[in-house]
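A.B. asks: this is the structure alone, sequence omitted:
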DNA sequence: AAATTTACTTACTTGCAAGTAAGTAACAAC
DNA sequence: GTTGTTACTTACTTGCAAGTAAGTAAATTT
């Protein structure tokens, strides 16, 4: 993936990458510093504590999500869902990453309150969007599943991070199978 | 929960508890030692390296799963599914734990190969069992979902760990909602 | 009752990661 | 041309967790 912009932006990008790959607590300033060929202390001057970086990572991911949301605002629900699934395929293919929500969900009992709040806020945003997309798909007739859009969105919100976790253990073929089944579940009647 | 048996058994039990709660890498010998009111070095005499304890944790969980499987061998598929879901409710209620598979899935990129193999083996066992249960439910007419038992099992295998991750962030009400939707999906026609 | 084993403890080393204080080189502003 | 600011580096402290070597006290075996 691209690694552009200011040093500060690169730090966030790499921090996110390592956090998704290794877990928030196993992501270290030294890894980021080495990758950028600068000294660890330089990162502390941008993000004094790891909590600051953690928050920046979530905010960056949220910002990327919002960009995606706008980009697909006028697309069909199917296209939106495909874009979402593609994101997850990329996480998986690009270093067995978890999604940011899954990353901080996994570490949730071991992170500062501020990060928890930031993650919760971000997750609500995604869940609301997904619910809207599913509703839209029902309205347009593209989807026709049992139950409400909220219920289906809830399931997806849990399943998506789960696919990455399980995909790590079971491998790519299995990962893709789950995604396929998941998508199939939008048209069951 | 109970904490009985030999010191070695208690170490595994507590290790599992802390690993599920905090993550494998944030589970420390010192926590276990303190809880048992012994010194950390004593744990090293039972489990020289953390890898040894990690493997023992998975094997214990697998053994508990096999016990459960036998206990419900002659129950209806619905009872089996309920038992499974109840396990997850307990994980959630008892300290926001992840399941053991989710725990090691989250830490997967950061653990020794031996632990990965052990986790993969255990996951296959669960997935096969779940597929059988779903097939059994279709045969008996208790369930009637779209797609094959394998497909449905794949979805469940991803969703179950996901519910715990997401439940941490969204809270118990949401966690229970997802479980409900999930179960509902077994009877859609 | 001597020898061995069990179940630990004491005391130590090593290594790593976070965090901080102080310094510097380059460039920009006035 | 001095003053300040930006973008770092050097060098340090602190704290924690893993791992190990050696010791000990009580129970068990012979």
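C.D. replies: Sure, I can see it. Quick caveat, the model's predicted, so the values are computed rather than measured.

A.B. asks: around DNA strand C, which positions in chain A sit nearby?
C.D. replies: Within chain A, the positions near DNA strand C by CB under 7 Å from any atom of the strand are A:27-30, A:40-41, A:44-45, A:48-51. Quick note: C-beta positions are derived from backbone N, CA and C, even for glycine.

A.B. asks: please repeat the previous calculation with a cut-off of 10 Å.
C.D. replies: By CB under 10 Å from any atom of the strand, the residues of chain A that approach DNA strand C are A:15, A:22, A:24-34, A:39-45, A:47-54, A:112.

A.B. asks: so the longest helix along chain A, near chain B or not?
C.D. replies: Taking DSSP state H as the criterion, chain A has its longest helix at helix A:113-140. Yes. Helix A:113-140 lies within reach of chain B by CB under 8 Å from any CB of the partner chain, at A:116, A:119-120, A:123, A:127.

A.B. asks: nearest to the spatial middle of chain A, which residue is it?
C.D. replies: residue A:99 (3.4 Å; CA atoms, centre = their mean).

A.B. asks: pLDDT score assigned to that one?
C.D. replies: With respect to pLDDT, residue A:99 has a value of 98.

A.B. asks: on that earlier part again, show the subsequent helix or strand relative to the longest helix of chain A.
C.D. replies: Moving toward the C-terminus from helix A:113-140, the next helix or strand (DSSP states H and E) is helix A:149-170.

A.B. asks: helices and strands around that following helix, which ones?
C.D. replies: helix A:77-93, helix A:100-106, helix A:113-140, helix A:172-184, helix B:100-106, helix B:113-140, helix B:149-170, helix B:172-184 (3 or more CB pairs under 8 Å, 6 or more residues apart in numbering or on different chains; DSSP states H and E).

A.B. asks: how far does the fourth one sit from the chain's center?
C.D. replies: This points to helix A:172-184. Offset of helix A:172-184 from its chain centre (CA atoms, centre = their mean, to the nearest Å): 17 Å.

A.B. asks: do the third one as well
C.D. replies: Using CA atoms, centre = their mean, the mean C-alpha position of helix A:113-140 is found 12 Å from that of the whole chain.

A.B. asks: quick one: mean pLDDT over it.
C.D. replies: Helix A:113-140 carries an average pLDDT of 97.

A.B. asks: what angle do that helix and helix A:77-93 make?
C.D. replies: Relative orientation of helix A:113-140 versus helix A:77-93 (axes from the mean of the first three to the mean of the last three CA atoms, to 10 degrees): 140 degrees.

A.B. asks: for chain B, give me its nearest residue in chain A.
C.D. replies: In chain A, the residue that lies nearest chain B is residue A:162 (2.9 Å; CB to the nearest CB).

A.B. asks: residues in contact with the nearest residue to that residue once chain neighbours are set aside?
C.D. replies: Leaving aside its chain neighbours, residue A:162 sits nearest to residue B:162 (2.9 Å; criterion: CB to CB, 6 or more residues apart in numbering or on different chains). Counting by CB atoms under 8 Å, 6 or more residues apart in numbering or on different chains, residue B:162 touches A:102, A:157-163, A:165.

A.B. asks: tell me which two of these sit farthest apart.
C.D. replies: Pairwise distances across the contacts of residue B:162 (CB to CB) peak at 13.9 Å, for the pair A:157 and A:165.

A.B. asks: does residue A:160 touch residue A:100 like I think?
C.D. replies: No. Applying CB atoms under 8 Å as the test, residue A:160 and residue A:100 come out as separate, 11.7 Å apart.

A.B. asks: any regions of chain A where pLDDT drops low?
C.D. replies: Applying pLDDT under 70 to chain A flags residues A:1.
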